[in-house]
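Asks: Sequence first, predicted coordinates after that:
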Amino acid sequence: MIKSDTYTFKILRYDVKEPDKEPLFESYKIKVIPGLTVLAMLLRIRDEIDGTLSFRCSCRSAICGSCAMVINGKIDLACRTQVATFGTDTIILEPLPNFEIIKDLVVDMTPFWQMYEKIQPYLIRKSPAPEKEIHQSEKDRKKIDQFVNCILCACCYGACPVLNRDPQYAGPAALAKLQRFSSDSRDQRSAKALEIFNNEKGVWGCDTVFRCIDACPKDVRPTDGIVGLRKTMLKNKFKIMSGGGIK
Amino acid sequence: MITHDILIVGGGLTGLRAAVGLCDKYNVGLISKVYPLRSHSIAAQGGINASLANNPEGRDDTWEKHTFDTVKGSDYLGDQNAIEIMCKEAPKIVYEMEHWGCPFSRFPDGTIAQRPFGGGGFPRTCFSTDITGHSLLNTLYERAVYKNVKIYPEWFVTGLCVENGQCHGVIVLDIHSGELIPVRAKVTVFGTGGYGRVYRNSTNALINTGSGIGMAYKAGVGLKDMEFVQFHPTTLIGTNILMTEGCRGEGGYLFNNKGERFMKSYVPTAMELAPRDIVSRCIQTEINEGRGFDHPLGKYIQLDLRHLGEKKILERLPGIHSICIDFIGIDPVKEPIPIMPSQHYSMGGIDVNEKGASEIKGFYAAGECACVSVHGANRLGGNSLLDTIVFGKLTAQAIDKELSEHDLKPEENYLLKLEENVEKKINRLTKPGGERPYKLAADLGAVMSEKVGIFRTKDELAQALDEVTKIKERYRNVSVSSTDKHMNYELHNALELDYMLEVAHTIVLGALLREESRGAHFRRDFDTRNDTNWLKHTIAKMGNDLEPVISYKDVVITRYQPMERKY
Ligand SMILES: Cc1cc2nc3c(=O)[nH]c(=O)nc-3n(C[C@H](O)[C@H](O)[C@H](O)COP(=O)(O)OP(=O)(O)OC[C@H]3O[C@@H](n4cnc5c(N)ncnc54)[C@H](O)[C@@H]3O)c2cc1C
Ligand code: SF4
Ligand code: SF4
Ligand code: FES
């Protein structure tokens, strides 16, 4: 329900180029009509009130992963959040936690992409490619569906308490991506490729407190991926102990 | 100054495919104003066409049949040699994407699943649930990571450097630092996407301004068939997010404010399932004649799914269900969806041949920003994802051939001169006191949606031309709020606006001159196709007085003589 005609947006302002100035909330009052999203309001605030406001956006339809931020204390995509969903006419916007701020609501995503690259995020094949498609059963396709849906928005990364104390931790999105490939029936990565994450910076770092699941706008459930990887790693270990050796 | 052999602008499917095809042999750099995965390609839902003949209902499909459907769909304006190449290449690139990991949906026999799509005689659309663009773009990005492609994310290209009939590179504004950076390259490739945001109402991402198209035009490259703009009949009011054709495919109804299924008075046989351009015209007519509904976000028609029942809606249209709830606060199980037609796809674009080559040495373009032409007057669903990957690949091959035959020498001086001009432009835009750019963008969008839309007439197009010209004049007096160059999105928008205005100008002029109706271009005052006078491509080039100069070019016809387009 719309709480009033005019809403107050309190937005955290900061500019890395002016490090002496502390981050500060700035308030904007603006007219609201039903059906509008937080992103639509941000665009209007930038147009009509303050042209210096910085935030990222592209698809405005919850598929490109650009607009993750903290909205009234909850991490979500600004473009899929209706202004009217809050029981208040004040909306507080802050940048995604666990990242350095570049300006206002824009954070430096470099560490996130670095972790993503580290897991070798691509299909690894050893057999030569067939002439047509590599066959995959509907059942095997279903196994990866949940992880394929990830839009790399980093909502989970911002929510994860382990990343908050240990920036070296691989984090939910990268590990979910690793599971996306590791559990793809077509992928032939060696057990060694998983070994790098068989430690406290990898799958064993997770507290399984499910914050990432709550924060994810796409029902990816990264913790499922982490638990899946743990199982695979334990199975691999068992194979080694019983003399199979790591491939 | 940064130097690459080959510079690719665009991190969508087109740009990534071109980069992956060239990076083993050349020093390649890829620039994108957003992280590549934020490109508009990510939003494609339905699928990609290829005559794999996997579907039991389509075992006798062939690339020739795909070619014919595409030629007919284009209302005979597509170049048949290029369409043949694309359709022949289609199975190869779909298998290649699969080998690189694309998670296509599957048939029970483990092959890639295929479904029917509008205008296709066969079920040849390969898909990955209802997020095909997302799956393809992730796969190509993964491939680019694997191949270690050098990527410059959040770099905005502000100018294309062409002198003496040759391209020398581009000038970039680094969005983070605010610095201007000249980038020199032997070959520059644009995969900069469509111009949907020139219209107020568009299904396109907010970043689809068409600045690449406008930049090429301002540098002297020709634009082809700009008047052909596709409108999709069913998009959510307010945000104009696409409500897939599947809604009507599953049995959804369209209602006006009299409670009538109005399609019965236009196309009683096909009703809601008439072709896209026709349904768009019917909906617009209802709205224009006062039979639409009112909403603070605009006038609309109802797309009613309620009679399908909750189970079917949740099973078959889960994406639509959640979009409606998230974006307009409406549950389609309980309420009709408020929809309107809106701009969807840019058929026209940078004039290139089937190798992606423009008339300028060292300048190539492919994907939605380019016009080969494979879509002619009307694009078929599932053919544009195909276009991006096929021509991304073929352009890469053509560039390799060109560079192995003769070396190109781009010149630093020209780039430095252009850098100075860009600097001047930015200084002018950051001088206080002028009009804010968003006002002009809003006025431009309104003119284009209201006067250069689904229905066109000479009078309205002439008015639109006049209004666009006036907004161009106002642009000389635009200023942004802050002189900071870093993270200044308003400045970024102001720079793009310059190019949007040129793009709009060529669309309006092409539409005004083309006195016939063909595919998506519908003139009330000339409501039939006229092959005698108009079976030809429109080419717009910037003249010495900075005004567009229009010329025409023959359509390539190989096997299929034009016939009436009946479905
Ligand atoms: C909602 C929707 C659904 C669709 N569904 C389908 C479908 O099911 N099947 C189908 O075949 N087609 C579909 N299409 C069409 C298809 O998605 C697009 O035509 C295609 O993805 C365009 O790809 P591209 O690589 O050419 O451009 P884009 O993906 O738009 O990429 C453009 C790139 O250029 C960069 N760029 C642009 N300008 C600049 C600049 N000045 N400086 C730096 N970088 C710049 C951007 O950052 C971006 O990386 C759909 C379109 C829409 C709107
Ligand atoms: S479940 Fe693990 S990965 Fe997810 S938020 Fe908690 S600690 Fe982080
Ligand atoms: S797992 Fe979910 S929250 Fe995390 S990046 Fe992917 S989509 Fe975003
Ligand atoms: S703008 Fe793309 S996810 Fe929000």
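Replies: Yep, it's here. Ligands and ions are numbered 1, 2, ... in the order given.
Asks: Look up how far residue A:113 lies from the closest residue to ligand 2 within the stretch 451-567 of chain B.
Replies: Using CB to the nearest ligand atom, the closest approach of the stretch 451-567 of chain B to ligand 2 is made by residue B:487 at 28.9 Å. C-betas here are computed from N, CA, C, even on glycine. Separation of residue B:487 from residue A:113 (CB to CB, to the nearest Å): 18 Å.
Asks: give the contact list for the residue most central in space within chain A.
Replies: In chain A, the centroid-proximal residue (CA atoms, centre = their mean) is residue A:154; its distance is 2.2 Å. By CB atoms under 8 Å, 6 or more residues apart in numbering or on different chains, the contact list for residue A:154 reads A:65, A:68, A:96, A:99, A:109, A:112, A:173.
Asks: Pull the most distant pair out of those.
Replies: Farthest pair in the contacts of residue A:154 (CB to CB) is A:65 and A:99. Separation: 14.0 Å.
Asks: The longest helix seen in chain A - what's its average pLDDT?
Replies: In chain A, taking DSSP state H as the definition, the longest helix is helix A:222-241. The predicted model gives helix A:222-241 an average pLDDT of 89.
Asks: Any residue of it touching ligand 3?
Replies: Yes. Contact of helix A:222-241 with ligand 3 (CB under 6 Å from any ligand atom) involves residue A:222.
Asks: per-residue confidence at residue B:249?
Replies: At residue B:249, pLDDT is 73.
Asks: Need the nearest residue in space to residue A:60, chain neighbours excluded.
Replies: Excluding the flanking residues, the one nearest residue A:60 by CB to CB, 6 or more residues apart in numbering or on different chains is residue A:79, at 4.7 Å.
Asks: and the one you found, which of the three is it?
Replies: Under DSSP: H, G, I helix; E, B strand; the rest coil, the three-state class of residue A:79 is helix.
Asks: before we move on, what about residue B:142?
Replies: The three-state label given to residue B:142 by three-state DSSP is helix.
Asks: residues near residue A:20, how many?
Replies: 4 (other CB atoms under 10 Å in any protein chain shown).
Asks: Give the pairing partners of the host helix or strand of residue B:254; include direction for each.
Replies: Under the criterion DSSP states H and E, the helix or strand holding residue B:254 is strand B:253-255. Looking at strand B:253-255 with DSSP bridges, its partner strands are strand B:301-304 (antiparallel).
Asks: List the contacts of the strand it pairs with.
Replies: Identification of contacts with strand B:301-304 by CB under 8 Å, 6+ apart yields B:234, B:243, B:247-248, B:252-256, B:283, B:286-287, B:292-293, B:336-340.
Asks: go with 10 Å
Replies: Contacts with strand B:301-304, where a contact means CB atoms under 10 Å, 6 or more residues apart in numbering or on different chains, come from B:233-237, B:243, B:247-248, B:251-257, B:259, B:261-262, B:272, B:282-284, B:286-287, B:291-293, B:320, B:324, B:332, B:335-341.
Asks: Keep only those of the residues you listed that are in strands.
Replies: B:233, B:234, B:235, B:236, B:253, B:254, B:255, B:337, B:338, B:339, B:340, B:341 (DSSP state E).
Asks: between those, which is closest to residue B:385?
Replies: For these, the nearest to residue B:385 is residue B:235 (18.9 Å; CB to CB).
Asks: For the closest one, the count of nearby residues, please.
Replies: The number of residues near residue B:235, taken as other CB under 10 Å, comes to 24.
Asks: do the same with the one 5 residues further on
Replies: Under the neighbour criterion other CB under 10 Å, residue B:240 is assigned a count of 27.
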